[in-house]
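A.B. asks: need a 3D model of the following:
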Amino acid sequence: MSKKRRYKTQYFDYGLLITVILLLAFGMVMLYSTSAYNATLKFGEGTHYVKRQFFAACLGFVGMAVFIKVDYHFWTLFSLPAYVVSIVLCVLVIFTGNEKYGASRWFNIGGINVQPSEIAKVAVILLLATLIGKSDVALKGSKNVLKVFGMILPLVAVVAYNNLSTAVIILGITYIMLFIASKETRVFLSFIFLALFGVGVIVLFGQGYRMTRIGAWLHPEDYDEGYQILQALYAIGSGGLFGKGLGESFQKSFVPEAQNDMIFSIICEELGVFGAVCVIILYLFLIWRLMVIAINAKDKTGAFICIGVMSHISLQVILNIGVVTNTIPNTGITLPFISYGGTALLLLLCEIGLALGVSKYIEPK
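C.D. replies: Alright, predicted model coming up:
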């Protein structure tokens, strides 16, 4: 690393760190409230999910500390190898991973499930931030934008094979980062039209489970696949303004996998509209802090690392709440820092560590 990039530590965004800790602590409480009954029935231990989540959080904070301590430019040196490795892992998991709900998405390593597609999200953020930060002319011209998009498409295609929702997130992160970096507006408008066209084709000619998902979204009462969303809507509707009280949810026994992507419905039932709004405000504050760091970052690489992290978290929050409220079809997206999921939580905390590492070099005003 060249001397001109050895910036002096001048600042640290404690607001971002405290917000993450608050979301994580709240998530642990809600995870126990949501999962204790089912965990007792399934594993004979009400704290089963909380213990595993806490272990992942501890590993995540260790990773966060490492990413804060080490200059973020160091990690960009490995962005391309990390991206290639993530593609390889996503291919291998299709053939050698553990199968659950009809898809192979996890490796079991020493009793710990590792999801390669979550690693891929971090790899994409680092790769794009590195490419954008290297040259002012890298994204000038439609061809250059398409070349960068083309680099990400192999990963998107591999992930989409058995995890379409994560592929959508990766594609969304790519789109947002490149849209902000480039002035080629027509290219991005074309992508929107292509996406809308693709959705239209699926609606008109699609078959199998994708059409079933759309049908269950429009008329959940007519499909077996609509059971989960109906139970989630019952939970949301019964919560009222201030909810039934922490731990008093009735629907958590009926919402399938409530501790995962449907945990927001239990928050609404137990804490009501007030609790749901408080959670959304915390996310908005977190996104705002990431935006502040990006605007004040020392260089484009640091700025786009934060933009990538901000895009990732924003997309997941929007899509998760959209699914739970039946605003969009079910996609299986988790709620950051709150839903159960060890790999996702660990890597989210590492991403926050990257953003905090960028914040160290902001000059205080």
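
A.B. asks: specify the local secondary structure of N113.
C.D. replies: strand (DSSP: H, G, I helix; E, B strand; the rest coil).

A.B. asks: that one bridge partners, please.
C.D. replies: N108 (DSSP bridges).

A.B. asks: contacting residues around it?
C.D. replies: By CB atoms under 8 Å, 6 or more residues apart in numbering, the residues touching N113 are 98, 106-107, 342-343. Placement of C-beta: from N, CA and C, glycine included.

A.B. asks: the same query, at a cut-off of 7 Å, please.
C.D. replies: Residues counted as contacts of N113 (CB atoms under 7 Å, 6 or more residues apart in numbering) are 98, 106, 342-343.

A.B. asks: hey, where'd the helices end up in the stretch 1-150 of the chain?
C.D. replies: Per DSSP state H, counting those that start in this stretch, the stretch 1-150 of the chain has helices spanning 14-43, 48-69, 72-76, 79-96, 116-134, 142-160. These are given in chain order.

A.B. asks: which residues touch the next helix or strand after the last one?
C.D. replies: Read that as helix 142-160. Using DSSP states H and E, the next helix or strand after helix 142-160 towards the C-terminus is helix 164-181. For helix 164-181, contacts defined as CB under 7 Å, 6+ apart pick out 117, 120-121, 124-125, 128, 132, 139, 145, 148-149, 152, 155-156, 159-160, 188, 191, 304, 307-308, 311-312, 315-316, 331-333.

A.B. asks: rewinding a little: going through the contacts of N113, which ones are buried?
C.D. replies: Those of the contacts of N113 that meet the buried threshold are 106, 342-343, by 16 or more other CB atoms under 10 Å.

A.B. asks: and of those, the nearest to K183?
C.D. replies: Nearest to K183 among the buried ones among the contacts of N113 is T343, at 36.2 Å by CB to CB.

A.B. asks: what residues sit buried inside the helix or strand hosting I281?
C.D. replies: Using DSSP H and E, I281 maps to helix 263-296. Across helix 263-296, burial judged by 16+ other CB under 10 Å covers 263-272, 275-276, 279, 282-283, 285-287, 289-290, 292-294, 296.

A.B. asks: so which elements touch that helix?
C.D. replies: helix 14-43, helix 227-239, helix 300-324, helix 342-359 (3 or more CB pairs under 7 Å, 6 or more residues apart in numbering; DSSP states H and E).

A.B. asks: between that helix and helix 164-181, how many degrees?
C.D. replies: 20 degrees (axes from the mean of the first three to the mean of the last three CA atoms, to 10 degrees).

A.B. asks: from the chain's centre, how far out does helix 263-296 sit?
C.D. replies: How far helix 263-296 lies from its chain's middle: 14 Å, per CA atoms, centre = their mean, to the nearest Å.

A.B. asks: one more: stretch 281-299?
C.D. replies: 16 Å.

A.B. asks: where in the protein is pLDDT low?
C.D. replies: 1-10, 100-103, 110-111, 135-139, 195-211, 365 (pLDDT under 70).

A.B. asks: which one of the contacts of N113 is nearest A25?
C.D. replies: Nearest member of these to A25, counting by CB to CB, is G342, at 17.0 Å.
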